[in-house]
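J.: sequence first, then the predicted structure, then my questions.
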Amino acid sequence: MNPMSQSDLKDWSFMLTMWAFFGTVLYIVGTSLRRKQQNAMQQHVLDKFASAKDFADFVQSPAGQKYVMSFADTASSSQSAILSSVRTGVVLLSTGLGFQFTNLGSASLLPLRIGILLTSVGIGFLISAAISSWLARKFQREAKE
């Protein structure tokens with residue numbers, strides 16, 4: 001049995017890194033399109049009301065309350081923002097490490113530089129998520145007091 005050569009290992013790691021990169025790009029594009037569509041839909045719903053009285057009547061209805069609650073949950077959910085930041089940080093960190101790993105034995109420094117940049121940004125996202133989580137817990141404790 002022949003173990004994988006270093007060249008084969010580099011090829012596989014490069015392929016996995018590229019798939020992770022393209023997956024991340026697709027995820028970011030999809031998320032952006034979904035947010036844009038949600039904002040357009042919310043703007044369209046608000047444009048339907050001719051006056052403030054019509055809007056107040058809608059908000060007092062069960063469907064209007066459900067609409068406002070879904071909007072409020074999205075705007076105030078710190079947990080989803082923290083989880084999104086952790087998810088982004090982990091993906092960027094692993095992609096950056098993959099780029100660095102593919103640079104082993106290579107004369108080109110470009111993959112190494114890209115890997116260091118992505119790793120640094122991923123670590124920054126994870127630090128941001130940790131600080132956000134700590135602040136969210138602190139604010140919840142203060143609100144209970």
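T.: Thanks, I have the structure now. Every value quoted in this text rests on a predicted model; they were computed, and no experiment measured them.
J.: quick one: the helices in the chain?
T.: Under the criterion DSSP state H, the chain contains helices at 6-47, 52-60, 62-76, 78-102, 110-144.
J.: pick the most deeply packed of those helices.
T.: When the helices of the chain are scored by mean count of other CB atoms under 10 Å, the highest mean neighbour count falls to helix 78-102 (a mean of 18). In this view, the C-beta of every residue, glycine as well, is placed from N, C-alpha and C.
J.: leaving out sequence neighbours, find the closest residue to I114.
T.: In space, not counting the residues next to it along the chain, I114 is nearest to F99; the distance is 4.9 Å by CB to CB, 6 or more residues apart in numbering.
J.: same check on Y27?
T.: By the measure of CB to CB, 6+ apart, the closest residue to Y27 outside its immediate chain neighbours is V91, 7.8 Å from it.
J.: what's near enough to touch the one you found?
T.: Contact criterion CB atoms under 8 Å, 6 or more residues apart in numbering gives A20, G23, T24, Y27, G122 as the residues in contact with V91.
J.: likewise G115?
T.: Contacts of G115 were listed using CB under 8 Å, 6+ apart, and they are G96, L97, G98, F99, Q100, F101, T102, N103.
J.: which of those sits closest to M69?
T.: Taking CB to CB as the measure, M69 sits nearest to G96 out of the contacts of G115, at 38.9 Å.
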